[in-house]
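> need a structure here:
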Amino acid sequence: MIRALLASLLLTLGGCAAPGQPEPTHAAAVTTDGDVTIPADLVITSPRICAALAVYELSEHDDWGLRATIAGTALNGFRTAERVPNCAAGVAVALTNNFSERRWLLALEAVDAVTSGSYSVPLACARATAVVPLSAADARAHCVIYDLAFVGGAQ
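Below you'll find the model as predicted:
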């Protein structure tokens, strides 16, 4: 009796599977400038992650205020542009080339602190929408931290 039920079940299940189903296709891959390969359809547009990437890439000093100011500036830039750019390639490169878990976590903490309001960016930097090297800054830079100028927005 049990054998008959099993045979019947196998026949029924076997009939449900369509023969010749196509194999899943693999998304085309894209190679970044850093020789990191990522799926072409990978999209990361989370303000938190993309702002953390900016902090991770730009903050060369172990300075909480610098990290938070970069985070706030990135978030301001996203608001001004009314979109978050796809930062998937940047994240892939950051996570594979000499990745520092500590720096990444500090970057995320800075973004979270600015987003939650538990840390206020210095007033002179609060409306900045871009970060540029100090040597490239012009009269728009009302906020300078180390070798970075925070520009844009109404100061």
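
> quick one, strands of this structure?
With strands called from DSSP state E, the chain shows them at 29-31, 37-39, 130-133, 143-145, 148-151.

> Sheet-wise, list the partners of the second one with their directions.
Next to strand 37-39 in the sheet, as set by DSSP bridges, lie strand 29-31 (antiparallel).

> May I see the strands of the chain organised as CSV, with distance to F99 and mean pLDDT added?
To be clear about C-beta, it is placed using only N, CA and C from the backbone, and glycine gets the same treatment. Converted to CSV, the strands of the chain look like this (distance: least, Cβ to Cβ, whole Å; pLDDT from 0 to 100):
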stretch, distance to F99, mean pLDDT
strand 29-31, 18, 61
strand 37-39, 15, 80
strand 130-133, 22, 90
strand 143-145, 24, 90
strand 148-151, 22, 91
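
> which one of those is the most hemmed in?
When these are scored by mean count of other Cβ atoms under 10 Å, the highest mean neighbour count falls to strand 148-151 (a mean of 24).

> helices or strands up against that one?
The contact analysis (3 or more Cβ pairs under 8 Å, 6 or more residues apart in numbering; DSSP states H and E) places strand 148-151 against helix 64-81, strand 130-133, strand 143-145.

> W104 is nearest to which of the strands of the chain?
W104 lies closest, by Cβ to Cβ, to one member of these: strand 37-39, at 17.2 Å.

> Check the offset of the closest one from the chain's centre.
Offset of strand 37-39 from its chain centre (Cα atoms, centre = their mean, to the nearest Å): 15 Å.
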